[in-house]
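Visitor: 3D, please:
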Amino acid sequence: MRNEPIRVSLTVFPESDPSIFYGIFDTLWAAGRVWNAMTGEPPPNAPLFLPRLVAAKAGPIELVTGVTILAQDAAEDVTATDLVFVPNVMVDSPAALRRLDRGLIEWLCRMYDSGAHVYAACGGSLVLAEAGLLDGREATTHWGYADLFRKAFPEVRLCADRILVQAGPGHRIVSSGGASSWQDLVLYLVAKHVGTQEAIRLSRIFLYQWHRDGQLPYASMIQNVTHNDAVIRNQQAWVASHYERPHIVAEITRRSGLPCRSFARRFKAATGYTSIAYVQALRIEEAKQMLETTEMAVDAIGAEIGYSDPTSFHRLFKRLTAMTPAEYRRKFHLPAFL
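Guide: All right, here's what the predicted structure looks like:
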(Lines give C-alpha, C1' and ligand atoms only; values in the text may rest on other atoms or scores of the structure.)
Protein backbone atom coordinates (compact mmCIF):
# COMPACT_ATOMS: atom_id res chain seq x y z
CA MET A 1 0.00 0.00 0.00
CA ARG A 2 1.28 3.45 -0.92
CA ASN A 3 2.26 5.75 1.92
CA GLU A 4 1.55 8.87 -0.13
CA PRO A 5 -1.56 9.54 -2.23
CA ILE A 6 -1.25 9.95 -5.99
CA ARG A 7 -1.56 13.65 -6.83
CA VAL A 8 -4.15 14.32 -9.52
CA SER A 9 -4.59 17.82 -10.96
CA LEU A 10 -7.92 18.40 -12.70
CA THR A 11 -7.52 21.40 -15.01
CA VAL A 12 -10.35 23.92 -15.00
CA PHE A 13 -10.93 26.11 -18.07
CA PRO A 14 -13.85 28.57 -18.14
CA GLU A 15 -14.94 26.66 -21.27
CA SER A 16 -15.33 23.45 -19.24
CA ASP A 17 -18.64 21.93 -18.19
CA PRO A 18 -18.81 20.67 -14.61
CA SER A 19 -20.24 17.15 -14.79
CA ILE A 20 -16.97 15.40 -15.67
CA PHE A 21 -15.06 17.35 -13.01
CA TYR A 22 -17.37 16.22 -10.27
CA GLY A 23 -17.58 12.63 -11.49
CA ILE A 24 -13.82 12.19 -11.69
CA PHE A 25 -13.19 14.02 -8.44
CA ASP A 26 -15.74 11.95 -6.52
CA THR A 27 -14.53 8.66 -8.02
CA LEU A 28 -10.89 9.30 -7.15
CA TRP A 29 -11.82 10.55 -3.69
CA ALA A 30 -13.84 7.34 -3.13
CA ALA A 31 -10.98 5.05 -4.15
CA GLY A 32 -9.90 3.04 -1.09
CA ARG A 33 -12.51 4.70 1.11
CA VAL A 34 -16.09 3.86 0.18
CA TRP A 35 -15.72 0.13 -0.50
CA ASN A 36 -13.85 -0.32 2.77
CA ALA A 37 -16.50 1.59 4.68
CA MET A 38 -19.29 -0.45 3.07
CA THR A 39 -17.69 -3.83 3.71
CA GLY A 40 -15.98 -3.13 7.02
CA GLU A 41 -12.50 -3.66 5.64
CA PRO A 42 -9.74 -1.57 7.21
CA PRO A 43 -9.06 1.67 5.32
CA PRO A 44 -5.70 2.24 3.60
CA ASN A 45 -2.89 4.00 5.46
CA ALA A 46 -3.42 7.06 3.26
CA PRO A 47 -5.93 8.11 0.57
CA LEU A 48 -5.15 6.44 -2.73
CA PHE A 49 -5.60 9.66 -4.69
CA LEU A 50 -5.45 13.35 -3.87
CA PRO A 51 -7.56 15.12 -6.52
CA ARG A 52 -7.31 18.92 -6.77
CA LEU A 53 -8.99 21.41 -9.08
CA VAL A 54 -6.33 23.54 -10.78
CA ALA A 55 -7.02 26.69 -12.80
CA ALA A 56 -5.21 29.79 -13.99
CA LYS A 57 -6.16 31.35 -10.66
CA ALA A 58 -7.45 29.84 -7.44
CA GLY A 59 -10.98 30.75 -6.38
CA PRO A 60 -14.40 30.83 -8.00
CA ILE A 61 -14.66 30.42 -11.78
CA GLU A 62 -17.89 30.69 -13.74
CA LEU A 63 -17.99 27.93 -16.35
CA VAL A 64 -19.61 27.98 -19.76
CA THR A 65 -22.80 26.41 -18.35
CA GLY A 66 -23.21 29.22 -15.83
CA VAL A 67 -22.18 27.03 -12.89
CA THR A 68 -19.49 28.44 -10.60
CA ILE A 69 -16.75 26.05 -9.50
CA LEU A 70 -14.11 26.69 -6.86
CA ALA A 71 -10.58 26.06 -8.11
CA GLN A 72 -8.43 24.92 -5.20
CA ASP A 73 -5.03 25.74 -6.69
CA ALA A 74 -3.52 28.21 -9.13
CA ALA A 75 -1.44 26.49 -11.81
CA GLU A 76 1.63 28.59 -11.03
CA ASP A 77 1.59 27.23 -7.47
CA VAL A 78 1.54 23.59 -8.59
CA THR A 79 5.14 22.76 -9.41
CA ALA A 80 4.74 18.98 -9.45
CA THR A 81 1.91 16.49 -9.87
CA ASP A 82 1.60 12.80 -10.72
CA LEU A 83 -1.39 12.93 -13.03
CA VAL A 84 -3.13 15.68 -14.97
CA PHE A 85 -6.75 15.18 -15.98
CA VAL A 86 -8.20 17.45 -18.68
CA PRO A 87 -12.01 17.22 -18.81
CA ASN A 88 -14.19 18.48 -21.63
CA VAL A 89 -14.08 21.99 -23.07
CA MET A 90 -17.03 23.43 -24.99
CA VAL A 91 -15.56 24.84 -28.20
CA ASP A 92 -16.93 24.99 -31.73
CA SER A 93 -14.16 26.40 -33.91
CA PRO A 94 -10.37 26.66 -34.27
CA ALA A 95 -10.71 30.28 -33.13
CA ALA A 96 -12.35 29.14 -29.88
CA LEU A 97 -9.44 26.74 -29.34
CA ARG A 98 -6.99 29.60 -29.74
CA ARG A 99 -8.82 31.49 -26.98
CA LEU A 100 -8.17 28.79 -24.36
CA ASP A 101 -5.98 30.05 -21.52
CA ARG A 102 -2.40 29.86 -22.81
CA GLY A 103 -0.85 29.93 -19.35
CA LEU A 104 -2.80 26.85 -18.29
CA ILE A 105 -1.86 25.06 -21.51
CA GLU A 106 1.82 25.89 -20.97
CA TRP A 107 1.56 24.58 -17.40
CA LEU A 108 0.07 21.36 -18.74
CA CYS A 109 3.06 20.93 -21.06
CA ARG A 110 5.49 21.56 -18.20
CA MET A 111 3.82 18.92 -16.06
CA TYR A 112 4.03 16.40 -18.89
CA ASP A 113 7.67 17.25 -19.54
CA SER A 114 8.32 16.73 -15.82
CA GLY A 115 6.98 13.18 -15.99
CA ALA A 116 3.26 13.50 -15.23
CA HIS A 117 0.78 11.20 -16.93
CA VAL A 118 -1.87 13.15 -18.85
CA TYR A 119 -5.48 12.03 -19.28
CA ALA A 120 -8.11 13.79 -21.39
CA ALA A 121 -11.84 13.07 -21.51
CA CYS A 122 -14.23 14.02 -24.30
CA GLY A 123 -13.19 17.40 -25.79
CA GLY A 124 -10.25 17.54 -23.42
CA SER A 125 -8.18 15.89 -26.16
CA LEU A 126 -8.63 19.10 -28.14
CA VAL A 127 -6.70 20.84 -25.37
CA LEU A 128 -3.90 18.28 -25.61
CA ALA A 129 -3.76 18.76 -29.38
CA GLU A 130 -3.71 22.54 -28.97
CA ALA A 131 -0.81 22.09 -26.55
CA GLY A 132 1.09 20.13 -29.19
CA LEU A 133 1.20 16.97 -27.08
CA LEU A 134 -0.57 14.87 -29.72
CA ASP A 135 1.45 15.85 -32.80
CA GLY A 136 2.10 12.71 -34.83
CA ARG A 137 0.24 10.58 -32.27
CA GLU A 138 -3.13 8.88 -32.01
CA ALA A 139 -6.06 10.24 -30.00
CA THR A 140 -9.81 10.04 -29.67
CA THR A 141 -12.48 12.56 -28.75
CA HIS A 142 -16.26 12.92 -28.66
CA TRP A 143 -17.65 11.87 -32.03
CA GLY A 144 -19.30 15.29 -32.31
CA TYR A 145 -15.88 16.99 -32.21
CA ALA A 146 -14.33 14.75 -34.87
CA ASP A 147 -14.79 17.14 -37.78
CA LEU A 148 -13.40 20.12 -35.84
CA PHE A 149 -10.53 17.99 -34.56
CA ARG A 150 -9.49 16.81 -38.02
CA LYS A 151 -9.64 20.31 -39.48
CA ALA A 152 -7.73 21.95 -36.63
CA PHE A 153 -5.15 19.19 -36.09
CA PRO A 154 -4.51 17.23 -39.29
CA GLU A 155 -1.17 16.06 -37.87
CA VAL A 156 -2.98 13.99 -35.18
CA ARG A 157 -4.21 10.50 -36.10
CA LEU A 158 -7.79 10.68 -34.83
CA CYS A 159 -9.49 7.37 -33.96
CA ALA A 160 -12.98 8.73 -33.34
CA ASP A 161 -14.59 5.28 -33.16
CA ARG A 162 -12.54 4.25 -30.12
CA ILE A 163 -13.29 4.84 -26.45
CA LEU A 164 -9.69 4.85 -25.14
CA VAL A 165 -6.46 5.63 -26.97
CA GLN A 166 -2.98 5.46 -25.43
CA ALA A 167 -0.13 7.48 -26.92
CA GLY A 168 3.39 8.69 -26.31
CA PRO A 169 6.38 7.06 -24.60
CA GLY A 170 5.22 4.79 -21.82
CA HIS A 171 1.61 5.49 -22.85
CA ARG A 172 1.68 8.57 -20.60
CA ILE A 173 -1.04 10.25 -22.67
CA VAL A 174 -4.49 8.68 -22.71
CA SER A 175 -7.63 10.15 -24.27
CA SER A 176 -11.20 8.95 -24.10
CA GLY A 177 -14.24 9.49 -26.28
CA GLY A 178 -17.42 11.39 -25.57
CA ALA A 179 -19.45 12.26 -22.52
CA SER A 180 -19.73 9.32 -20.08
CA SER A 181 -16.64 7.58 -21.48
CA TRP A 182 -14.79 9.46 -18.73
CA GLN A 183 -15.96 6.52 -16.60
CA ASP A 184 -13.88 4.14 -18.75
CA LEU A 185 -10.96 6.54 -18.46
CA VAL A 186 -11.09 6.92 -14.68
CA LEU A 187 -11.40 3.14 -14.21
CA TYR A 188 -8.42 2.66 -16.53
CA LEU A 189 -6.49 5.26 -14.52
CA VAL A 190 -7.26 3.52 -11.23
CA ALA A 191 -6.39 0.09 -12.62
CA LYS A 192 -3.10 1.36 -14.02
CA HIS A 193 -1.91 3.29 -10.97
CA VAL A 194 -3.50 1.36 -8.07
CA GLY A 195 -4.70 -1.99 -9.36
CA THR A 196 -7.54 -3.76 -11.12
CA GLN A 197 -9.23 -4.82 -7.89
CA GLU A 198 -9.87 -1.22 -6.86
CA ALA A 199 -11.10 -0.36 -10.36
CA ILE A 200 -13.60 -3.24 -10.17
CA ARG A 201 -14.74 -2.11 -6.73
CA LEU A 202 -15.36 1.42 -7.99
CA SER A 203 -17.28 0.14 -11.00
CA ARG A 204 -19.52 -1.82 -8.63
CA ILE A 205 -20.01 1.12 -6.25
CA PHE A 206 -20.89 3.65 -8.95
CA LEU A 207 -22.47 1.18 -11.43
CA TYR A 208 -19.98 2.17 -14.11
CA GLN A 209 -19.91 0.04 -17.25
CA TRP A 210 -17.20 -0.25 -19.88
CA HIS A 211 -18.27 1.02 -23.30
CA ARG A 212 -16.93 -2.10 -25.00
CA ASP A 213 -18.65 -1.36 -28.32
CA GLY A 214 -16.74 1.90 -28.86
CA GLN A 215 -18.40 5.14 -29.93
CA LEU A 216 -19.95 4.04 -33.22
CA PRO A 217 -23.27 2.91 -31.67
CA TYR A 218 -23.71 6.38 -30.13
CA ALA A 219 -22.53 8.50 -33.05
CA SER A 220 -25.04 10.42 -35.11
CA MET A 221 -24.59 11.64 -38.65
CA ILE A 222 -23.56 15.28 -38.79
CA GLN A 223 -24.97 16.75 -41.99
CA ASN A 224 -22.71 19.53 -43.20
CA VAL A 225 -25.10 22.10 -44.67
CA THR A 226 -23.08 25.21 -43.78
CA HIS A 227 -20.97 25.12 -46.95
CA ASN A 228 -21.38 27.58 -49.82
CA ASP A 229 -22.19 25.13 -52.62
CA ALA A 230 -25.88 25.83 -53.30
CA VAL A 231 -26.17 23.02 -55.86
CA ILE A 232 -25.01 20.42 -53.35
CA ARG A 233 -27.17 21.91 -50.56
CA ASN A 234 -30.24 21.55 -52.77
CA GLN A 235 -29.50 17.86 -53.35
CA GLN A 236 -28.91 17.30 -49.62
CA ALA A 237 -32.33 18.80 -48.89
CA TRP A 238 -33.96 16.58 -51.50
CA VAL A 239 -32.20 13.42 -50.29
CA ALA A 240 -33.41 14.06 -46.73
CA SER A 241 -36.98 13.38 -47.91
CA HIS A 242 -36.30 10.76 -50.58
CA TYR A 243 -33.45 8.65 -49.19
CA GLU A 244 -35.38 5.38 -49.62
CA ARG A 245 -35.61 5.67 -53.42
CA PRO A 246 -33.66 3.19 -55.56
CA HIS A 247 -30.73 4.47 -57.65
CA ILE A 248 -30.76 7.64 -55.59
CA VAL A 249 -27.14 8.59 -56.25
CA ALA A 250 -27.75 8.57 -60.00
CA GLU A 251 -30.92 10.58 -59.41
CA ILE A 252 -29.28 13.37 -57.39
CA THR A 253 -26.43 13.50 -59.88
CA ARG A 254 -28.93 14.01 -62.68
CA ARG A 255 -30.91 16.56 -60.68
CA SER A 256 -27.78 18.61 -60.02
CA GLY A 257 -27.19 19.18 -63.73
CA LEU A 258 -23.48 18.53 -63.25
CA PRO A 259 -21.28 15.97 -64.99
CA CYS A 260 -20.84 12.85 -62.85
CA ARG A 261 -17.22 13.51 -61.93
CA SER A 262 -17.84 17.17 -61.13
CA PHE A 263 -20.81 16.28 -58.93
CA ALA A 264 -18.85 13.60 -57.06
CA ARG A 265 -15.91 15.96 -56.48
CA ARG A 266 -18.09 18.87 -55.32
CA PHE A 267 -20.26 16.66 -53.09
CA LYS A 268 -17.23 15.25 -51.27
CA ALA A 269 -15.65 18.70 -50.91
CA ALA A 270 -18.85 20.22 -49.52
CA THR A 271 -20.06 17.47 -47.18
CA GLY A 272 -17.01 15.37 -46.36
CA TYR A 273 -18.85 12.29 -47.65
CA THR A 274 -18.99 10.56 -51.00
CA SER A 275 -22.55 10.68 -52.30
CA ILE A 276 -23.14 6.96 -51.69
CA ALA A 277 -21.66 7.14 -48.17
CA TYR A 278 -23.90 10.13 -47.43
CA VAL A 279 -27.03 8.27 -48.50
CA GLN A 280 -26.01 5.17 -46.56
CA ALA A 281 -25.37 7.17 -43.38
CA LEU A 282 -28.69 8.99 -43.76
CA ARG A 283 -30.56 5.71 -44.19
CA ILE A 284 -28.90 4.10 -41.19
CA GLU A 285 -29.72 7.14 -39.03
CA GLU A 286 -33.38 6.65 -39.91
CA ALA A 287 -33.12 2.93 -39.17
CA LYS A 288 -31.59 3.68 -35.77
CA GLN A 289 -34.48 5.97 -34.89
CA MET A 290 -37.01 3.34 -35.93
CA LEU A 291 -35.24 0.66 -33.89
CA GLU A 292 -35.23 2.97 -30.88
CA THR A 293 -38.88 3.99 -31.00
CA THR A 294 -40.94 1.34 -32.85
CA GLU A 295 -41.62 -2.40 -32.72
CA MET A 296 -41.32 -2.79 -36.49
CA ALA A 297 -39.50 -5.93 -37.61
CA VAL A 298 -35.84 -5.41 -38.47
CA ASP A 299 -36.15 -6.55 -42.08
CA ALA A 300 -39.20 -4.33 -42.54
CA ILE A 301 -37.17 -1.36 -41.32
CA GLY A 302 -34.47 -2.22 -43.85
CA ALA A 303 -37.05 -2.28 -46.64
CA GLU A 304 -38.57 0.99 -45.41
CA ILE A 305 -35.28 2.84 -45.77
CA GLY A 306 -34.45 1.40 -49.19
CA TYR A 307 -32.86 -2.03 -48.69
CA SER A 308 -34.99 -4.86 -50.07
CA ASP A 309 -32.14 -7.30 -49.44
CA PRO A 310 -32.00 -7.95 -45.66
CA THR A 311 -28.41 -9.19 -45.87
CA SER A 312 -27.22 -5.92 -47.39
CA PHE A 313 -29.03 -3.94 -44.71
CA HIS A 314 -27.62 -6.01 -41.84
CA ARG A 315 -24.10 -5.83 -43.24
CA LEU A 316 -24.21 -2.04 -43.71
CA PHE A 317 -25.78 -1.44 -40.29
CA LYS A 318 -23.06 -3.49 -38.60
CA ARG A 319 -20.31 -1.65 -40.48
CA LEU A 320 -21.60 1.81 -39.56
CA THR A 321 -22.62 1.15 -35.95
CA ALA A 322 -20.47 -1.82 -34.84
CA MET A 323 -23.69 -3.60 -33.83
CA THR A 324 -26.32 -5.71 -35.53
CA PRO A 325 -29.78 -4.11 -35.73
CA ALA A 326 -31.04 -6.51 -33.05
CA GLU A 327 -28.15 -5.63 -30.72
CA TYR A 328 -28.76 -1.93 -31.30
CA ARG A 329 -32.45 -2.30 -30.46
CA ARG A 330 -31.67 -4.16 -27.22
CA LYS A 331 -29.30 -1.40 -26.16
CA PHE A 332 -31.23 1.71 -27.19
CA HIS A 333 -34.93 0.82 -27.45
CA LEU A 334 -37.00 3.02 -25.16
CA PRO A 335 -38.23 1.28 -21.99
CA ALA A 336 -41.86 0.22 -22.05
CA PHE A 337 -42.86 2.69 -19.33
CA LEU A 338 -41.97 5.55 -21.69
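
Visitor: Now the element after the helix-or-strand element of the chain with minimal mean pLDDT, going C-ward?
Guide: When the helices and strands of the chain are scored by mean pLDDT, DSSP states H and E, helix 34-39 comes last with a mean of 83. Using DSSP states H and E, the next helix or strand after helix 34-39 towards the C-terminus is strand 49-55.

Visitor: Which other helices and strands does that following strand contact?
Guide: Applying 3 or more CB pairs under 8 Å, 6 or more residues apart in numbering; DSSP states H and E, we find strand 49-55 packed against strand 6-12, helix 18-30, strand 68-71, strand 73-74. Backbone N, C-alpha and C define where each C-beta goes, glycine included.

Visitor: please redo it, this time with the cut-off set to 10 Å
Guide: Strand 49-55 sits against strand 6-12, helix 18-30, strand 68-71, strand 73-74, strand 83-86, helix 102-113, helix 182-193, with contacts defined as 3 or more CB pairs under 10 Å, 6 or more residues apart in numbering; DSSP states H and E.

Visitor: Quick check: which of these has the most neighbours on average?
Guide: For those, average neighbour numbers computed from mean count of other CB atoms under 10 Å are highest in strand 83-86, which has a mean of 26.

Visitor: Could you list every helix and strand that it packs against?
Guide: On a contact count with 3+ CB pairs under 10 Å, 6+ apart, strand 83-86 meets strand 6-12, helix 18-30, strand 49-55, helix 102-113, strand 117-120, helix 124-130, strand 173-176, helix 182-193.

Visitor: what would these look like in CSV with distance to residue 308 and mean pLDDT?
Guide: Shown next, in CSV, are the helices and strands packed on strand 83-86 (distance: least, CB to CB, whole Å; pLDDT from 0 to 100):
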stretch, distance to residue 308, mean pLDDT
strand 6-12, 53, 97
helix 18-30, 44, 93
strand 49-55, 55, 97
helix 102-113, 53, 97
strand 117-120, 45, 97
helix 124-130, 41, 97
strand 173-176, 40, 94
helix 182-193, 39, 92
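
Visitor: Including distance to residue 43, could those go into JSON lines?
Guide: Converted to JSON lines, these look like this (distance: least, CB to CB, whole Å):
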{"stretch": "strand 6-12", "distance to residue 43": "16"}
{"stretch": "helix 18-30", "distance to residue 43": "12"}
{"stretch": "strand 49-55", "distance to residue 43": "14"}
{"stretch": "helix 102-113", "distance to residue 43": "29"}
{"stretch": "strand 117-120", "distance to residue 43": "25"}
{"stretch": "helix 124-130", "distance to residue 43": "31"}
{"stretch": "strand 173-176", "distance to residue 43": "28"}
{"stretch": "helix 182-193", "distance to residue 43": "16"}
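
Visitor: Am I right that residue 39 is in contact with residue 201?
Guide: Yes: at 9.0 Å, residue 39 counts as touching residue 201 under the criterion of CB atoms under 10 Å.

Visitor: who's more crowded, those two?
Guide: residue 201 (21 against 8; other CB atoms under 10 Å).

Visitor: Spatially nearest residue to the more buried one (excluding sequence neighbours)?
Guide: Nearest residue to residue 201, sequence neighbours excluded (CB to CB, 6 or more residues apart in numbering): residue 35, at 4.3 Å.

Visitor: How many residues are close by that neighbour?
Guide: Quick note: residue 35 (other CB under 10 Å) scores 18 neighbours.

Visitor: Quick check: phi and psi at the nearest residue to residue 138 once chain neighbours are set aside.
Guide: The shortest distance from residue 138 to any non-neighbouring residue, by CB to CB, 6+ apart, is to residue 157 (4.5 Å). As for residue 157, its main-chain torsions (degrees, to the nearest 10) stand at phi -90, psi 100.

Visitor: quick one: residue 157 and residue 125 touch, right?
Guide: No: look at residue 157 against residue 125 with CB under 10 Å: they stay out of range, at 11.9 Å.
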